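Novice: Predicted structure and sequence below. I'll ask about it afterward.
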Amino acid sequence: MSTVSTDAGHETSSSTAAIRVSGGPSAEELAALVVVLSALGDGEAAAEPARSAWADPSWRLVGPSARHGGWRSTGLPR
């Protein structure tokens, strides 16, 4: 959290970076500053990384692929 202080001495709490504008800017100048700063930030959240197939929970929905004793029978002659 950062603290933004104004010329009147009031402090507000914000989760964004603090920017202090000095002097007496007009409403149009402040609007232009807001537009420029908004254009600099992409405004989009970072995309989630792709989930690995090893971590995919859907494999748990499939039943066992081998019959009972399947591994033991693979080493024995038929």
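Specialist: Cool, the structure landed.
Novice: Let me see the confidence value for A46.
Specialist: As summarised for this prediction, A46 has a pLDDT of 72.
Novice: Then the one 10 residues further on?
Specialist: On the pLDDT scale, D56 is placed at 81.
Novice: That one and S22, how far apart?
Specialist: D56 sits 54 Å away from S22, going by CB to CB, to the nearest Å. To be clear about C-beta, it is placed using only N, CA and C from the backbone, and glycine gets the same treatment.
Novice: Neighbour count: those two, which is higher?
Specialist: Summary of the neighbour comparison: D56 and S22, criterion other CB atoms under 10 Å, with D56 having more neighbours (9 against 6).
Novice: and A50, how far is that from D56?
Specialist: 11 Å.
Novice: Show me which helix runs longest in the chain.
Specialist: helix 27-40 (DSSP state H).
Novice: model confidence over that one, on average?
Specialist: Taken as a whole, helix 27-40 has a mean pLDDT of 88.
Novice: buried residues in it?
Specialist: Buried residues in helix 27-40, counting neighbours by 16 or more other CB atoms under 10 Å, are absent.
Novice: With stretch 44-58 instead?
Specialist: Neighbour-count burial for stretch 44-58 flags no residue at all (criterion: 16+ other CB under 10 Å).
Novice: got the end-to-end distance for it?
Specialist: End-to-end distance of stretch 44-58 (CA to CA, to the nearest Å): 29 Å.
Novice: Repeat that for stretch 37-57.
Specialist: In terms of CA to CA, the two terminal residues of stretch 37-57 are separated by 42 Å.
Novice: Name the surrounding residues that touch that stretch.
Specialist: I19 (CB atoms under 8 Å, 6 or more residues apart in numbering).
Novice: For the protein, which segments count as strands?
Specialist: Remark: strands of the chain, listed N- to C-terminal, are 2-5, 11-14; assignment by DSSP state E.
Novice: where among the ones you listed is the average confidence lowest?
Specialist: Mean pLDDT across those is lowest at strand 2-5; the value there is a mean of 50.
Novice: Now stretch 69-78: average pLDDT?
Specialist: When the per-residue pLDDT values of stretch 69-78 are averaged, the result is 69.
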